[in-house]
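Q: Sharing a sequence plus its predicted fold:
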Amino acid sequence: MTHINFMISIIAILFFGTCFCGQLCLSQTNTLQPPAVQKTIPQFADMRKNANSFAQYQINNLKDGGAILVRLSTRQKTINAMLKQGLNERAAAFALETEQKNLQIAAQIKNHIDFCPVYFFYSDDTEQLLLGKRTGFLRNALLELDTNLIVPDFYVVLERGPVYAKDASYFDKPDQAVTGEFNLPNTTAKPYTQHVLIRDALVFKDASLVQMAPPFPYYRTTGFTKKALAQKIKKLNKALHNFYHTNNKM
């Protein structure tokens with residue numbers, strides 16, 4: 001069996017398996033509960049006035065036992081659409097290309113971010129994270145499933161995507177912003193506008209996948225080459241260290 005035929009077979013299995021598992025997961029949704037609020041949350045009466053304190057709380061918890069969870073897109077919807085059109089070879093090639101890009105990003109992030117532990121997970125497993133599952137879906141830098149990895153009490157999510165303009169509602173709803181109430185799939189809350197400030201960046205999001213806000217160093221633009229991407233990741237790591245030390249001077 002050629003490599004392409006093997007890839008087509010695997011994708012077909014994943015496609016039909018995803019449909020079945022999707023129905024199974026939906027049937028179990030009512031039995032799963034969102035995770036507890038991350039650690040002890042300070043009460044900020046006015047988020048606009050306390051944005052600095054809130055960001056300091058986030059960076060300190062990230063450094064003290066927290067972790068960065070990197071969400072990698074599988075582009076499964078695009079692959080499924082190709083399969084439905086009978087474009088099996090194209091789907092196999094696209095899946096392989098996507099996996100190679102994810103491996104490259106994972107390696108760069110693992111090599112250049114040392115602020116705190118870094119774990120990886122696929123976008124297909126997002127619901128497991130939001131519904132409070134702590135293990136069984138996290139991956140190492142080789143994107144191998146590692147059941148020994150556990151989601152810590154405090155974490156932020158890092159992914160590649162657009163940076164949106166912040167809506168005032170982010171600060172008008174301090175309970176949601178501070179406690180990180182989980183935006184499950186049927187949620188309508190949108191703390192950010194749809195106005196895109198930057199189309200391609202590495203963006204930090206909180207536990208409910210809401211884009212984080214300044215003064216936390218919540219994004220860095222990406223580069224078009226492997227070398228440029230590495231430089232941007234190094235700068236992101238340096239920004240985390242600098243922000244932590246600035247807020248914890250003796």
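A: On my side now, so go ahead.

Q: can you list contacts of whichever strand or helix holds residue 120?
A: Using DSSP states H and E, residue 120 maps to strand 118-122. Strand 118-122 has contacts (Cβ atoms under 8 Å, 6 or more residues apart in numbering) with 67-74, 106, 109-110, 129, 137-141, 143, 149, 151. In short, each C-beta sits where N, CA and C put it, glycine included.

Q: Weed out the non-buried ones from those residues.
A: Among the contacts of strand 118-122, the ones that count as buried by 16 or more other Cβ atoms under 10 Å are 67-74, 106, 109-110, 129, 137-139, 141, 143, 149, 151.

Q: immediately after the lengthiest strand in the chain, which helix or strand?
A: Determined from DSSP state E, the single longest strand within the chain is strand 192-205. For strand 192-205, the following helix or strand on the C-terminal side (DSSP H and E) is strand 219-221.

Q: What strands line up against that following strand, and which way round?
A: In the sheet, strand 219-221 lines up against strand 192-205 (antiparallel) (DSSP bridges).

Q: Can you list the neighbours in contact with the strand it pairs with?
A: 156-167, 170, 210-212, 216-222, 232-233, 236.

Q: before we move on, what about stretch 142-151?
A: Here stretch 142-151 has contacts from 67, 69, 72, 99, 102-103, 106, 119-120, 129, 133-140, using Cβ under 8 Å, 6+ apart.

Q: Narrow those residues to those in strands?
A: Using DSSP E, the contacts of stretch 142-151 in strands are 67, 69, 72, 119-120.

Q: Could you work out the most separated pair of those residues?
A: 67 and 72 (15.4 Å; Cβ to Cβ).

Q: how about the helices of the protein, start to end?
A: Using DSSP state H, the helices of the chain run over residues 3-28, 51-63, 76-84, 88-112, 126-130, 169-172, 174-179, 226-246.

Q: weakest of those helices in terms of mean pLDDT?
A: Lowest mean pLDDT of the helices of the chain: helix 174-179, a mean of 37.

Q: any idea how far residue 151 lies from residue 115?
A: 17 Å (Cβ to Cβ, to the nearest Å).

Q: If you could redo that for residue 91, that was the one I meant.
A: 37 Å.

Q: And those two? Which one has more around it.
A: Legend: neighbour count by other Cβ atoms under 10 Å for residue 91 and residue 115, higher for residue 91 (23 against 18).
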